[in-house]
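Peer 1: give the three-dimensional model of this entry:
(chains A and B)
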Amino acid sequence: MTTITTASRIPIDGPVETPWKLPYRGNVGMACLIIAESAIFIIFVVAYIYYIGKSLSGPTPAQVLELPIFGTICLLSSSIFVHLAVSSLRKENYRATTLHLAITVLLGTIFLATTAKEWYHLIHDEGLTIKTNLFGTTYYSLVGLHATHVVVGLIMLSLTLAFSLAGRVKEEHSEKLEVLSLYWHFVDAVWVVVFLVVYVLGR
Amino acid sequence: MTTTPVLEAVDETLETQGKPPLNVIYEWLTTVDHKKIGLMYICYALLFLVIGGFEAVLMRIQLAIPNNHFVSPQVFNQLFTMHGTTMVFFMGMPILFGMGNYLVPLMIGARDMAFPRLNAFSFWVSAFAGFLLYFSYIGGSGLYAAGSAPDVGWFAYAPLTSKVFSPGHSTDYWTLAVFLSGIGSIGTALNIVTTILCMRCKGMKMSRMPLLPWLYLVMSGLVFVAVSPLTAAQIMLTFDRYLGAHFFDTQAGGSAILWMHFFWIFGHPEVYVLVLPAFAFANEIIPVFSRKAMFGYPAMVAASVAIGFISLSVWAHHMFTAGLGPAGNTFFVFATMVISVPTGIKIFNWLATIWGGKIIFAVPMMFMVGFLFQFLIAGLTGIMLAAAPFNWQLSASYFVVAHFHYVLVGAIVFSLFGAFYYWYPKVTGKMMDETLGKWHFWLFLIGFHLTFDFMHIPGILGMPRRIYTYEDGRGWNTLNLIVGIGAIFQSVGTLILVYNMIRSYYKGKEAGHDPWDAWTLEWSVPSPPPSYNFAIEPTVNSRRPLWDLKHPEDPDTDYE
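Peer 2: This next block holds a predicted model:
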């Protein structure tokens, strides 16, 4: 234990803007991550668009792709439920939080299952792999990158759900759950872009 | 010199447990303290500075005389690849992140970074990436024999990087190392932005923040949009090499130009990622040694943000020779020239800060003068190269090499050396030796100008970059010899710096809180700062809080 000297604070305390409130670091950090991730997705989307119709051999998107309407509805509506989970946590309605989290995880899992089914169809029935042509290369990379993000989000949401079932998620955690929900909204928004590029523009 | 009024506080930090050598190692390996992580970043980067510099010296020996066979062509290819990759990813980025890590929380009056554990993670990932790159010398079986380094150039153009043309694993080491370094950079940049936005002390509005955190904010924002595309492109290249994808496979309809675009969408903003911290150091050092407040603070902030935005739209000036068409050429010529406007604003603001000041020519200020002059020249050759017809003539020649080394060494490294002398007393509590510092400055300055001034001329005479050797009788001999001699001066200067840093740590004069009579918050805490930074949370009312403390009769608050 030693005594140290330090510069005194400037004695005027009044003129400082009161209350001194700065943004929550979780939200800012997640916003930064979203910007960086968006840049990564933009590069993959640009590559996809650039290579539309440039494949030297088949199969082409028009021959093999079908609109994944059901999976899309599931994923997009899961955004609503994660939002409801946050707002019910703020109101200290813990049972509703658990329920909404469970629905979110379920819908996300259904989306993943539809993607898996689609990939199985493409690989097994159509013989399209990442090696086949430029369409295969860009399709599996872009959709796969998005699916990876869904998996990461689902792992985090399932952890939260497990804690919530154990009764460990309380009102003071609502800010943190909101950060997670931001990530999940981002994953959904990316899907809208992927859907438009791959299934609408690319077909 | 005016002294800072001080308060006394009681430090109850617990001593670390355990036996002397082990507890120190344990503490550094597990630390999440921004100052320790910052220092580790800097030490690690200095190690790679020496390695990368050594590679440069080997290349200059090879090129010093015509028809030389000092190293083999294969080794030469590896040398310029490793030199470029090392200096950009494992020296430039880490050292600037290290300085930011150390200084940003201290300058904004914060206890630590916003996410200390993420900070440690980012550092260790970057560190691992550097060692992974160099492990390729042992582990990367390339085309020639077992154990060889990447040899595809630092921008690794497709299709040279494909499995067909680069068999073995040497290119994979490059890809993975750059990918991991990108993850680390994005993590640290995220941390810096969050720290600046969320951790400022009471009263420090954005308009009162010192310029160093401001520029680190812009730089970190650029990292998100610049480094991420490279990370994405590395994922694609890995898919190409391991899964048989065709992103850059020209045989299957893939595009080599697309890789160029992806690389330079990273590559050009990267220059500004590196140079903005150099500007940041100048913004702190020049006012203190001119004894004047920074001239045109809002203009400086605006110019930095403008540079950040414009730098995102200039990348294809690296690709004029690839054939972009008239519209593309015109756009990128114009965008590149426009970026000289905000940089010009900065130079004039620095000059206006020095103008009429009581200039103190201590070593940090000497480096700053060198920085200002050389950055101006680098900018001027930059405008020359931005003109597409001139660029067609001199692209991929030594003129280009000379130009960007003028920016990277003449501006960034000079500013960085100035920053070392300026903040060393804060980090260690000891002053660096001024005489040795002046030796370092003059040797490095002479060496720099010998090397890089004379490097322009062989470029104009037609000497291409990346060539292994050249014939006698082209008029390049003397010039290349002078360039090589300059490299020796620079090496000696750098070794003096290293010696000075080690010697001053043991024998330097005590520095005290505030050896330069400076004005920002980091000088209000003891040197070296305690682990908690501020014993009492500071409150600021102006851009120069320590000026207000030292001059209560004439505080800055009266003018803001």
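
Peer 1: and the longest helix for the chain?
Peer 2: All of this is about chain A. Longest helix in chain A by number of residues (criterion: DSSP state H): helix A:134-165.

Peer 1: hm, I was asking about chain B
Peer 2: helix B:256-290.

Peer 1: buried residues in it, which are they?
Peer 2: B:256-290 (16 or more other CB atoms under 10 Å in any protein chain shown). Yep, even glycine has a C-beta here, placed from its N, CA and C like the rest.

Peer 1: how about stretch B:468-488?
Peer 2: Quick answer for stretch B:468-488 (16+ other CB under 10 Å): B:468, B:470, B:476-477, B:479-488.

Peer 1: make TSV out of those residues and add secondary structure and pLDDT.
Peer 2: Shown next, in TSV, are these (DSSP: H, G, I helix; E, B strand; the rest coil; pLDDT from 0 to 100):
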residue	secondary structure	pLDDT
B:Y468	coil	93
B:Y470	coil	94
B:W476	coil	94
B:N477	helix	93
B:L479	helix	95
B:N480	helix	95
B:L481	helix	95
B:I482	helix	96
B:V483	helix	96
B:G484	helix	94
B:I485	helix	95
B:G486	helix	96
B:A487	helix	94
B:I488	helix	94
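
Peer 1: poorly predicted segments of chain A, please.
Peer 2: For chain A, applying pLDDT under 70 flags the ranges A:1-18.

Peer 1: ranges for the helices of it?
Peer 2: A:25-50, A:61-64, A:69-90, A:94-120, A:134-165, A:174-194.

Peer 1: how about the residues of the stretch 401-550 of chain B by chain A?
Peer 2: B:513, B:524-526, B:530, B:534-541, B:545-546, B:548-549 (CB under 8 Å from any CB of the partner chain).

Peer 1: narrow those to those in helices?
Peer 2: B:545-546, B:548-549.

Peer 1: burial measure for residue 66, as a count.
Peer 2: All of this refers to chain A. For A:E66, the count of nearby residues is 9 (other CB atoms under 10 Å in any protein chain shown).

Peer 1: try chain B instead
Peer 2: B:P66: 15 surrounding residues under other CB under 10 Å.

Peer 1: what strand or helix carries it?
Peer 2: If you go by DSSP states H and E, B:P66 is not part of any helix or strand.

Peer 1: excluding covalently adjacent residues, which one is nearest to it?
Peer 2: What sits nearest to B:P66 in space, not counting adjacent residues and going by CB to CB, 6 or more residues apart in numbering or on different chains, is B:D472, at 4.3 Å.

Peer 1: next, the one you found: secondary structure please.
Peer 2: Following DSSP: H, G, I helix; E, B strand; the rest coil, B:D472 is assigned to coil.

Peer 1: how near is the nearest residue to A:E37 once chain neighbours are set aside to chain B?
Peer 2: Nearest residue to A:E37, sequence neighbours excluded (CB to CB, 6+ apart): A:F186, at 7.0 Å. Applying CB to the nearest CB, to the nearest Å, the value for A:F186 to chain B is 14 Å.

Peer 1: tell me who's in contact with A:F186.
Peer 2: Each residue near A:F186 by CB atoms under 8 Å, 6 or more residues apart in numbering or on different chains is listed here: A:34, A:37-38.

Peer 1: of those, keep whichever come out buried.
Peer 2: A:34, A:37-38.

Peer 1: so can I have CSV of these showing distance to B:I192?
Peer 2: Shown next, in CSV, are these (distance: CB to CB, whole Å):
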residue, distance to B:I192
A:I34, 16
A:E37, 18
A:S38, 19
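
Peer 1: of these, which is the nearest to B:I108?
Peer 2: A:I34 (23.6 Å; CB to CB).

Peer 1: distance-wise, check the nearest residue to that closest one once chain neighbours are set aside relative to A:L67.
Peer 2: Excluding its sequence neighbours, the residue lying closest to A:I34 (CB to CB, 6+ apart) is A:F186, at 4.8 Å. A:F186 is 23 Å from A:L67, where distance means CB to CB, to the nearest Å.

Peer 1: ok, B:T31 - how many residues close by?
Peer 2: Neighbours around B:T31, by other CB under 10 Å: 18.

Peer 1: was I right about it contacting B:I37?
Peer 2: Yes - B:T31 lies in contact with B:I37 (CB atoms under 8 Å); the separation is 6.5 Å.

Peer 1: common neighbours of those two, please.
Peer 2: B:A120.

Peer 1: quick check: nearest residue in space to the spatially most central residue of chain B, chain neighbours excluded?
Peer 2: By CA atoms, centre = their mean, the mean C-alpha position of chain B lies nearest to B:G92, the distance being 3.5 Å. Leaving aside its sequence neighbours, B:G92 sits nearest to B:L274 (CB to CB, 6+ apart; 4.9 Å).

Peer 1: and the closest residue to A:L142 other than its chain neighbours, what does it touch?
Peer 2: In space, and not counting its chain neighbours, A:L142 is closest to A:F44: 4.7 Å by CB to CB, 6+ apart. Taking CB under 8 Å, 6+ apart, we find A:F44 in contact with A:138, A:141-142, A:145, B:232, B:236.

Peer 1: what do you get if the cut-off is 7 Å, keeping everything else the same?
Peer 2: Contacts for A:F44 (CB atoms under 7 Å, 6 or more residues apart in numbering or on different chains) come out as A:141-142, A:145, B:232.

Peer 1: need the max-distance pair from those.
Peer 2: A:L142 and B:A232 (10.5 Å).

Peer 1: have a look at those two and say which one is more surrounded.
Peer 2: Neighbour count, other CB under 10 Å: between A:L142 and B:A232, B:A232 has more, with 27 against 21.

Peer 1: for the strand or helix carrying that one, packing partners?
Peer 2: Secondary structure assignment for B:A232, by DSSP H and E: helix B:211-238. If contacts are counted by 3 or more CB pairs under 7 Å, 6 or more residues apart in numbering or on different chains; DSSP states H and E, helix B:211-238 sits against helix A:25-50, helix B:93-107, helix B:170-198, helix B:256-290, helix B:297-310.

Peer 1: what's the end-to-end length of stretch B:521-531?
Peer 2: Its start and end residues considered, stretch B:521-531 measures 15 Å (CA to CA, to the nearest Å).

Peer 1: residues of it that come out buried?
Peer 2: Buried residues in stretch B:521-531 (16+ other CB under 10 Å): B:521-527, B:529-530.

Peer 1: right, and B:I457 touches B:L479 too?
Peer 2: Yes - using CB atoms under 7 Å, B:I457 makes contact with B:L479 at a distance of 5.3 Å.

Peer 1: which residues sit in contact with the residue nearest to A:L182 when sequence neighbours are not counted?
Peer 2: Once flanking residues are discounted, A:L182 sits nearest to A:M30: 4.8 Å by CB to CB, 6+ apart. Going by CB under 7 Å, 6+ apart, A:M30 touches A:179, A:182-183.

Peer 1: number of nearby residues for B:F48?
Peer 2: 22.

Peer 1: my guess is it contacts B:T85, does it?
Peer 2: No - the pair B:F48 / B:T85 is not scored as a contact, 9.9 Å apart, by CB under 7 Å.

Peer 1: just the element for B:L385, please.
Peer 2: Using DSSP H and E, the element containing B:L385 is helix B:363-386.

Peer 1: just the CA trace of that helix, in PDB.
Peer 2: Extracted C-alpha coordinates of helix B:363-386, given in PDB (Å, rounded to 0.1, in the frame of the first residue of the first chain):
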ATOM      1  CA  VAL B 363      13.800  14.900 -30.800                       C
ATOM      2  CA  PRO B 364      10.100  14.300 -31.200                       C
ATOM      3  CA  MET B 365       9.700  17.700 -32.900                       C
ATOM      4  CA  MET B 366      12.600  17.000 -35.200                       C
ATOM      5  CA  PHE B 367      10.900  13.800 -36.400                       C
ATOM      6  CA  MET B 368       7.700  15.800 -36.900                       C
ATOM      7  CA  VAL B 369       9.400  18.300 -39.100                       C
ATOM      8  CA  GLY B 370      10.800  15.400 -41.100                       C
ATOM      9  CA  PHE B 371       7.400  13.900 -41.200                       C
ATOM     10  CA  LEU B 372       5.800  17.100 -42.500                       C
ATOM     11  CA  PHE B 373       8.300  17.600 -45.300                       C
ATOM     12  CA  GLN B 374       8.400  14.000 -46.500                       C
ATOM     13  CA  PHE B 375       4.700  13.600 -46.300                       C
ATOM     14  CA  LEU B 376       4.300  16.600 -48.600                       C
ATOM     15  CA  ILE B 377       6.700  15.100 -51.200                       C
ATOM     16  CA  ALA B 378       5.000  11.700 -50.900                       C
ATOM     17  CA  GLY B 379       1.700  13.400 -51.600                       C
ATOM     18  CA  LEU B 380       3.100  15.200 -54.600                       C
ATOM     19  CA  THR B 381       4.400  12.000 -56.200                       C
ATOM     20  CA  GLY B 382       1.000  10.600 -55.300                       C
ATOM     21  CA  ILE B 383      -0.700  13.200 -57.400                       C
ATOM     22  CA  MET B 384       1.600  12.400 -60.300                       C
ATOM     23  CA  LEU B 385       0.800   8.700 -60.100                       C
ATOM     24  CA  ALA B 386      -2.900   9.500 -59.800                       C
END
